[in-house]
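[1] generate coordinates for the sequence data below:
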Amino acid sequence: MGHEHDHTHGANKKVLLISFFIIATYMIIEVIGGYLTNSLALLADAGHMLSDALSLAIALIAFKLGEKVASESKTFGYKRFEILAAVLNGVTLIIIALFIFYEAIERFANPPEVATTGMLIVSGIGLAVNILVAWIMMRGGDVEENLNMRGAYLHVISDMLGSVGAIVAALLIMFFGWGWADPLASVLVAVLVLRSGYYVSKSALHVLMEGTPQNVDLNDVIQTIEKTKGIQSVHDLHVWSITSGLNALSCHAVVDDEISIAESQKLLHKIEHDLGHKGIHHVTIQLESSAHKHDNSILCKVKAESSGHHGHHHH
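    Numbering: from 1, shown residues only. Next comes the predicted model:
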């Protein structure tokens, strides 16, 4: 599995780099455009693009740092940086969104003059840029599994909606003279920014809290280990993510007393192999004889009670 991980890793980096340059360049154009045309919708969209550029830059740095080899002081290497970066990214988005809301309130009260033609041109090109970047990401990157790539991709998709909002606002002002369409479009963009900020922060915090990975079914994992021939029961089971796409598991497994060392090695290999298919690549299992058995884990008690046989508890 390691090789496959490296391959998508390289592809992700290349995609991020290309996307970053396209978006960062266009963001600058949009800031200037928003300033010259006096359009808050464009500035909001530029704010969104800034958050895109930030998330792409952070993802890139995370990939680079994640490649740094593990050391004595950091035995997992720097893989967690990616998750810290995602939290930072999420918080930045929330701040940008609040700032746009604040600006929009002022503009609803007295809508300023907006240079609509310029606004339309800039937002039109903005939409094209976003579609291009989203397409590059879909084709070349891993937007399903990797939290960083997924975050960056979702940014670009909601950014696309921001550009559509600015285009519609420009047309409404041109044809109907509705000055409030500009701040309204900016508020809609701010809602999108806020939403993606919330979700990115939430997923990242779940990883930092050592939560069970979303793509892992705990009961399924327990059954996989327990149905292996020679294993009696499992306790002290923990499953967590080190970084997106890298899940780890540790547990104690009680084995039949008559099992030899050679057989227990085979047993471990089989379990590791089976768990690999369930998305867990980092497996640590401590084998124990039934004499050493102690049910002190919540999970174990639940399992024992649900399957109707009670382990003997030490009191």
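[2] in this structure, where is pLDDT below threshold?
    Scanning the chain for pLDDT under 70 picks out 1-9, 66, 68-70, 74-77, 141-148, 291-315.
[3] so which residues of it form strands?
    231-243, 246-255, 282-289 (DSSP state E).
[4] mind listing what's buried in the second one?
    I take that to be strand 246-255. 246-249, 251-255 (16 or more other C-beta atoms under 10 Å). Where you see a C-beta, it was placed from the backbone N, CA and C, and this is true even at glycine.
[5] tell me what angle it forms with strand 282-289.
    10 degrees (axes from the mean of the first three to the mean of the last three C-alpha atoms, to 10 degrees).
[6] can you redo the buried residues of strand 246-255 as JSON lines with distance to His269?
    Below are those laid out as JSON lines (distance: C-beta to C-beta, whole Å):
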{"residue": "Leu246", "distance to His269": "20"}
{"residue": "Asn247", "distance to His269": "19"}
{"residue": "Ala248", "distance to His269": "18"}
{"residue": "Leu249", "distance to His269": "15"}
{"residue": "Cys251", "distance to His269": "16"}
{"residue": "His252", "distance to His269": "18"}
{"residue": "Ala253", "distance to His269": "13"}
{"residue": "Val254", "distance to His269": "18"}
{"residue": "Val255", "distance to His269": "14"}
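[7] shouldn't Glu288 be in contact with Asp257?
    No. Contact criterion C-beta atoms under 8 Å: Glu288 and Asp257 do not qualify, at 10.5 Å.
[8] who has more neighbours out of the two?
    Between Glu288 and Asp257, Glu288 has the larger neighbour count (other C-beta atoms under 10 Å), namely 15 against 9.
[9] all helices of the chain, in order?
    2-37, 40-66, 81-109, 116-140, 147-176, 181-208, 218-226, 261-276, 298-306 (DSSP state H).
[10] JSON lines for those helices, including mean neighbour count and distance to Ile242?
    Below are the helices of the chain laid out as JSON lines (neighbours: other C-beta atoms under 10 Å; distance: least, C-beta to C-beta, whole Å):
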{"stretch": "helix 2-37", "mean neighbour count": "17", "distance to Ile242": "12"}
{"stretch": "helix 40-66", "mean neighbour count": "25", "distance to Ile242": "10"}
{"stretch": "helix 81-109", "mean neighbour count": "19", "distance to Ile242": "9"}
{"stretch": "helix 116-140", "mean neighbour count": "19", "distance to Ile242": "24"}
{"stretch": "helix 147-176", "mean neighbour count": "23", "distance to Ile242": "12"}
{"stretch": "helix 181-208", "mean neighbour count": "22", "distance to Ile242": "8"}
{"stretch": "helix 218-226", "mean neighbour count": "16", "distance to Ile242": "16"}
{"stretch": "helix 261-276", "mean neighbour count": "14", "distance to Ile242": "15"}
{"stretch": "helix 298-306", "mean neighbour count": "15", "distance to Ile242": "21"}
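[11] okay, the ones you listed in a markdown table with distance to His282 next?
    Output for the helices of the chain, formatted as a markdown table (distance: least, C-beta to C-beta, whole Å):
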| stretch | distance to His282 |
| --- | --- |
| helix 2-37 | 11 |
| helix 40-66 | 15 |
| helix 81-109 | 16 |
| helix 116-140 | 27 |
| helix 147-176 | 17 |
| helix 181-208 | 14 |
| helix 218-226 | 13 |
| helix 261-276 | 9 |
| helix 298-306 | 19 |
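[12] quick one: which of those helices is nearest His238?
    helix 298-306 (9.0 Å; C-beta to C-beta).
[13] who's in contact with Lys227?
    By C-beta atoms under 8 Å, 6 or more residues apart in numbering, the contact set of Lys227 is empty.
[14] now Ile121
    Gly33.
[15] look up how far Tyr153 lies from it.
    26 Å (C-beta to C-beta, to the nearest Å).
[16] same check, this time on Gln223
    Counting by C-beta to C-beta - Gln223 and Tyr153 are separated by 34 Å.
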